[in-house]
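Student: predicted model follows, preceded by the sequence.
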Amino acid sequence: MVHIFLKNLVKKWKAGIIIPLSLGLFVLLIAAIWPDMREAADLFAVILESPVYAAMLGDMGIFNIAVWPGAHQMYMSIMLEYYIIAVTIFIPTKIITEEINKKTLDVTLSYPIPRWRFLLEKFSVYLFYSLLYPLLLMLFTFISTEYLQYNYAHLNVEFDYLALTYSMIGTWMLFFSLGAIALFCSVLILDPRKALGVSATVIFGMFLLFRIGDMTESVEIIKYFSVFNYMNFAAIVSSGTFPVGDFFVLLGVGLAALIGALLIFQKRELKY
Amino acid sequence: MTQATVLQVSNLTKVYGREIHLGLRKFGKKIIGAQNVSFSVSKGEIFGFLGPNGAGKTTVMRSILNYLRIEEGEISVFGLDHRKNSLEIRKRIGYIPGDLAVYDNFTGEELIKYFNHFRQNNLELLEELRTIFTVNLKQKTRTLSSGNRQQVGIILALASKPEFLILDEPSSGLDPLITAKFHKLLKRLKKEGVTIFLSSHDLTEVQAICDRVGIIKNGEMVLVEDVENLRKKFLQHVFVRFSSSKVPQLEEIKELDFVLDANQKNNGDFKLKIKENIDDLINWLKGYEIERLSIEDASLEEIFLHYYD
């Protein structure tokens, strides 16, 4: 039943593990430099007041990097945001466009495989490896915190793992929701270059909507049209609560885009 | 449609692109991929599909497989509608696309195992195919030459011995020895009841293995005919030497209705290209004394070129 999923899971393991691992290792790097970095926290606070940083960091600029959770959350949320944008633009879009580019779809679909199932199983591979981002981040955060507690006991390092877990669920939901949107764009367009361009415009456009809406009160409403606004990492970590409403918004958007993509791919003409 | 008909294509029309008229201006472009194409392929038959690049062969084949949406017409395979019953049809067919590509990070063996999963582990022909084709199936396909990749494609399409094979230029890139073995296999499969719908640029190949051919030109099927009949009925070469007492003029011969072309060799012999009715030729020759006469069937290539000239 999950033959395509399992085969692709094995075939894509290198890229599937290396990319999330690179993000996880970044936590160790932050942990290694944080004890020295915290001494410059006051200077950092001044720098963060700059409008350029405010635009770049948004809510994340509020974290106090003098404490380990603040530094961790600020740097990780920046990195995570960029990873989410890059990964969701490139990987789900390529699920079908790469097959078209390499002309492998004609042979594959001549076998008795429903098109929707083929697409769903391949998208599930992306979702599976997307799980590694939150899991590895949590693992390396735990290791880093233990390292800091052991070596820098005088700094009273503590970490709210529950808030981190909530934010990581949100991260995976963003991978799901944005990935489904990119997949929808790709099956709608099919042409590899155009599909990538449309996915990038939609996803990066939503990121900008969120950033501009978040920074500018007069146009705040526009951020609600962006999925980046929901299950926001900084908001979850600050409040420490799980935003149930946001979860369902992302789930709804993701499911709608995914079902739309499956229906379109099942019915559409494969003209290229 | 008779019970033995495996493929029935009726009035297939496929148009690429669209034209939008806004006032006097026209936007976009419409290209006819296939127009009113009709033909059928019977069980156990090898049907050759001829036409140059862009004539519409691949459009017809991809329409049969439900990759393309046709504007008009009907296609049925095994008596089933090609759209509604696409999955059922695909359980019983093998396909080699013209521009064959397979996953390049798989070995041939992995591909066989991967795709065979969808055919309920039926690999009836695999061992025989291993002996015919020389490709190393343990090698990643990205490291194979195009000819060897083509061999992998053929093995994938034939391994489960499907009832109906749709082959878009299957022997392109194969060396002559393997091509000959492949043709032998196709002929044997035909005898065992497998139906084959094959497009090719190689007219010798079509002539050697096909029972019937269809010639497509600018998206329209201009001819569907039995290969042997086609050669006999449509075009023949006549070599004639008249006795010196009465020799017709070349211009006079060229004006005859049944003569398509004529020329005179240096030794005085005439070479005539005639169409369809040999009786007219014989009646005409009665008026002359003939020293030597020979009639040969034209090759499929000549017939094909005749349609494309």
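Tutor: Looks like it came in fine. The model shown is predicted, which means the values in this text are computed figures rather than measured ones. Numbers count the residues shown, from 1 in each chain, chains lettered A, B, ... in the order given.

Student: only C-alpha atoms from now on, for both contacts and neighbour counts.
Tutor: Will do.

Student: which parts of chain B sit against chain A?
Tutor: Taking Cα under 8 Å from any Cα of the partner chain as the contact definition, chain B meets chain A at B:65-69, B:87-91, B:93-97, B:99-103, B:105, B:114-115, B:117-119.

Student: of those, select the buried ones using a ChimeraX command.
Tutor: Per 16 or more other Cα atoms under 10 Å in any protein chain shown, the buried members of the residues of chain B next to chain A correspond to this ChimeraX selection:
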select /B:65,66,67,68,69,87,88,89,90,91,93,94,95,96,97,100,101,102,103,114,115,117,118,119
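
Student: list the residues that contact B:Arg149.
Tutor: For B:Arg149, the set of contacting residues under the criterion of Cα atoms under 8 Å, 6 or more residues apart in numbering or on different chains consists of B:100-102, B:135, B:141.

Student: what's downstream of the strand or helix carrying it, the next helix or strand?
Tutor: Take DSSP states H and E as the rule and B:Arg149 turns out to sit in helix B:146-158. Taking DSSP H and E as the definition, the helix or strand that follows helix B:146-158 towards the C-terminus is strand B:164-168.

Student: angle of that following strand against helix B:146-158?
Tutor: Calculated by axes from the mean of the first three to the mean of the last three Cα atoms, to 10 degrees, strand B:164-168 forms an angle of 160 degrees with helix B:146-158.

Student: give the pairing partners of strand B:164-168; include direction for each.
Tutor: Sheet neighbours of strand B:164-168, with direction, are listed as strand B:93-96 (parallel), strand B:195-199 (parallel) (DSSP bridges).

Student: and the next element down the chain from it?
Tutor: With secondary structure assigned by DSSP H and E, strand B:164-168 is succeeded by helix B:176-191.

Student: which parts of that following helix are buried?
Tutor: Using 16+ other Cα under 10 Å as the test for burial, helix B:176-191 gives B:179-180, B:182-183, B:186-187, B:189-190.

Student: can you give me the helices in chain A?
Tutor: Secondary structure of chain A (DSSP state H): helices located at A:3-11, A:13-37, A:41-47, A:51-57, A:68-101, A:105-108, A:115-151, A:161-189, A:192-215, A:233-239, A:244-267.

Student: angle of the second one against helix A:3-11?
Tutor: An angle of 50 degrees separates the directions of helix A:13-37 and helix A:3-11 when computed by the same axes, to 10 degrees.

Student: now tell me what touches helix A:13-37 from outside.
Tutor: With Cα under 8 Å, 6+ apart as the test, helix A:13-37 has contacts from A:66, A:68, A:71-72, A:75-76, A:79-80, A:126, A:129-130, A:132-133, A:136-137, A:139-141, A:143-145, A:148.

Student: now a ChimeraX select for only the buried ones of those.
Tutor: For anyone working in ChimeraX, the buried entries among the contacts of helix A:13-37, judged by 16+ other Cα under 10 Å, can be selected with:
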select /A:66,68,71,72,75,76,80,126,129,130,132,133,136,137,140,141,144,145,148
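
Student: near chain B, from the contacts of helix A:13-37?
Tutor: The subset of the contacts of helix A:13-37 within reach of chain B, counting by Cα under 8 Å from any Cα, is empty.

Student: retrieve the pLDDT associated with the nearest residue to B:Lys271 once chain neighbours are set aside.
Tutor: Closest residue to B:Lys271 in three dimensions, ignoring its sequence neighbours and counting by Cα to Cα, 6 or more residues apart in numbering or on different chains: B:Phe239, at 4.8 Å. According to the per-residue confidence, B:Phe239 scores 91 in pLDDT.

Student: now do the contacts for B:Phe239.
Tutor: For B:Phe239, the contacting residues are B:269-272, B:292-295, taking Cα under 8 Å, 6+ apart as the criterion.

Student: for ChimeraX, what selects the buried ones among the residues you listed?
Tutor: Buried members of the contacts of B:Phe239 can be picked out in ChimeraX with the line below, counting by 16+ other Cα under 10 Å:
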select /B:269,270,271,272
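
Student: which among the contacts of B:Phe239 gets closest to B:Ile154?
Tutor: Within the contacts of B:Phe239, distances to B:Ile154 taken as Cα to Cα reach their minimum at B:Ile295, with 39.4 Å.

Student: can you confirm the closest one is in a helix?
Tutor: No: counting by DSSP: H, G, I helix; E, B strand; the rest coil, one finds B:Ile295 to be strand, located in no helix.

Student: pLDDT weak spots in the chain?
Tutor: This is for chain A. Counting by pLDDT under 70, chain A has low-confidence residues at A:1, A:54-62.

Student: the intended chain is chain B.
Tutor: Across chain B, the ranges flagged by pLDDT under 70 are B:1-3, B:121, B:231-234, B:276-277, B:308-309.
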